[in-house]
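Peer 1: Sequence first, then the predicted structure:
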Amino acid sequence: MSDTALGSHVGNRLRNARIIATFLTRAVVVGLATAFLIVWWKPGLLGAAPVAALKPTAPPIEATRPQPVVIASFADAVARAAPAVVNIYTARVVTEKTQVAPLDQLFGYDWPSYRQHVERSLGSGVIVSDSGTIVTNQHVIAGADSIKVQIADGRIADARVVGQDPDTDLAVLHLALGKLPTMPMGRSDTLRVGDIVLAIGNPYGLSQTVTQGIVSATGRGQLGLATFENFIQTDAAINLGNSGGALIDAHGTLVGINTAVLNRTGGGGPEGIGFAIPVNLVRGVMQQIIAHGRVIRGSLGLDPADLSESQAIELGLVSGGGVAVARIYPDSPAFGAGLRRGDLITSLGGEQIKSAQELVSRVAALAPGTDVQVEGRRGLRAFKLRVPVIERPQSAQQAG
């Protein structure tokens, strides 16, 4: 091959090599660019997690700690309940004996003279039916010659007493003003210490006022306020005039009737301890008063008394339980059945008795005309008796 032909052959091969190299370079660049776009657009094709998924994330707040429910306002609860809270104004005529003037005594005019004046008081009540049924405290209307009720819209009318129950300090009134706003009645047996409550009433004649607090305790008894005590204790302010008003929950439903405030100073200042009658008790008393005009309760005709710890130990009641018969009424079922003063009652109806208040409440729940088994001890001798149940006299002070 000549030199000219050889040079031409080599030149052709070099050109072909450059063409192939250029093509391959362009193909590689285009392929890499395409692959980059595909990976950027669909990273899952490579089996890798998205970039965002690789970033560390904090666990959900709910998984670390519960978040408290914060109620910014109780305005809705008050708006629901307040229209059914009424102001009660009572008046009674009091007759007092006056002293004879010295000059009259000198001339022998020593006959007594009397003067009369009107005592007025105020309180609150709760409308529980649109026909005008009102629940309040018995001490608010006790002995009143006139009872006037003012409802939330300002109307005032005379109220009629349907019935009273001094044993629970509850009374039921009727107001004839047509259809009235009512308060929904809730449940008091589900209340827990720490639940938020609101007291609505007529303190010091200032018209409707709302105070807020919590349930401090439940089942308070032995306060000397009523025969049957099962109070809700609250730190919501309850002042003069609040008696008979509403204790409501955060949803605006009735859970109690405000009754009293603990005041050891005598000055009327708040001490953060108020008491309300639970709505479950209110409901039962109200239904009986409406049906019968009174509350029908059972009685055995005796007064029980709690035992001190030393007395219980002396009697061998190491596990607790048992009350003493402090007083027994002549001609009562208990006396006729053989019970005597000083006897120890340990069970009623086959269930252990642990306190005098428990015995009182359980006897009261029995239907008159039935009988109940009473077990106990007289000295070292045990006894078991069947005792008839009679209706508890409305004016009696006896407890069992």
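Peer 2: On my side now, so go ahead.
Peer 1: Spit out the contact partners of Q150.
Peer 2: Contacts here follow C-beta atoms under 8 Å, 6 or more residues apart in numbering; on that basis Q150 touches V86, N87, I88, Y89, I156. Where C-beta positions appear, they are placed from N, C-alpha and C, glycine not excepted.
Peer 1: rerun that using 7 Å as the cut-off
Peer 2: V86, N87, I156 (C-beta atoms under 7 Å, 6 or more residues apart in numbering).
Peer 1: any idea which helix or strand carries the second one?
Peer 2: With elements delineated by DSSP states H and E, N87 resides in strand 85-98, which encompasses its position.
Peer 1: Quick check: mean pLDDT of that strand?
Peer 2: Here strand 85-98 scores 79 as its mean pLDDT.
Peer 1: How about stretch 189-202?
Peer 2: Averaging pLDDT residue by residue across stretch 189-202 gives 92.
Peer 1: tell me the SS of T190?
Peer 2: Using DSSP: H, G, I helix; E, B strand; the rest coil, the structure places T190 in coil.
Peer 1: could you say what helices and strands the strand or helix carrying L198 packs with?
Peer 2: L198 belongs to strand 196-201 when assigned by DSSP H and E. Packing partners of strand 196-201 (3 or more C-beta pairs under 7 Å, 6 or more residues apart in numbering; DSSP states H and E): helix 75-81, strand 209-220, strand 246-249, strand 254-261.
Peer 1: Tell me which of these sits most buried.
Peer 2: Among the helices and strands packed on strand 196-201, judged by mean count of other C-beta atoms under 10 Å, the one packed with the most neighbours on average is strand 246-249 (a mean of 30).
Peer 1: residues making contact with it?
Peer 2: Here strand 246-249 makes contact (C-beta under 7 Å, 6+ apart) with 77, 81, 85, 126, 183, 186, 195, 197-200, 232, 234, 254-258, 276.
Peer 1: Partner strands of that strand, with direction?
Peer 2: Using DSSP bridges, the strands paired with strand 246-249 are strand 196-201 (antiparallel), strand 254-261 (antiparallel).
Peer 1: ok, residues contacting stretch 210-219?
Peer 2: With C-beta under 7 Å, 6+ apart as the contact definition, stretch 210-219 has outside contacts at 74, 78, 191-200, 230, 232-237.
Peer 1: If any of these are buried, put those into a ChimeraX selection.
Peer 2: With 16 or more other C-beta atoms under 10 Å as the criterion, this ChimeraX line picks the buried residues out of the contacts of stretch 210-219:
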select :74,78,191,196,197,198,199,200,230,232,233,234,235,236,237
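Peer 1: mind listing the strands for the stretch 251-400 of the chain?
Peer 2: Taking DSSP state E, counting those that start in this stretch, the strands of the stretch 251-400 of the chain run over residues 254-261, 274-278, 298-299, 302-305, 323-328, 344-348, 351-352, 371-378, 381-388, 390-391.
Peer 1: picking that back up, show me what the strand holding L198 is in contact with.
Peer 2: Defining contact as C-beta under 7 Å, 6+ apart, one finds that strand 196-201 is touched by 74, 77-78, 81-82, 85, 124, 208-215, 234, 236-238, 241-242, 245-250, 255, 258.
Peer 1: Compute the inter-axis angle for that strand and strand 209-220.
Peer 2: Orientation of strand 196-201 against strand 209-220 (axes from the mean of the first three to the mean of the last three C-alpha atoms, to 10 degrees) gives an angle of 120 degrees.
Peer 1: how far off strand 274-278 does strand 196-201 point, in degrees?
Peer 2: Note on geometry: by the same axes, to 10 degrees, strand 196-201 and strand 274-278 are set 90 degrees apart in direction.
Peer 1: Find the nearest non-adjacent residue to F383, please.
Peer 2: In space, F383 comes closest to G376 once its chain neighbours are excluded; the distance is 5.9 Å by C-beta to C-beta, 6 or more residues apart in numbering.
Peer 1: From R327, how far off is that neighbour?
Peer 2: With the distance defined as C-beta to C-beta, to the nearest Å, G376 ends up 16 Å from R327.
Peer 1: and what of R362?
Peer 2: To R327, R362 is 18 Å away according to C-beta to C-beta.
Peer 1: likewise L173?
Peer 2: When distance is defined by C-beta to C-beta, L173 is 34 Å away from R327.
Peer 1: So between those two, which is more surrounded?
Peer 2: Each of L173 and R327 had its neighbours counted (other C-beta atoms under 10 Å), and the higher figure belongs to L173 (25 against 14).
Peer 1: which residues sit in contact with the more buried one?
Peer 2: G125, I134, T136, I147, A159, R160, V161, V162.
Peer 1: Excluding chain neighbours, what is closest to H251?
Peer 2: Of all residues beyond its chain neighbours, the one nearest H251 is A77 (5.9 Å), with distances taken as C-beta to C-beta, 6+ apart.
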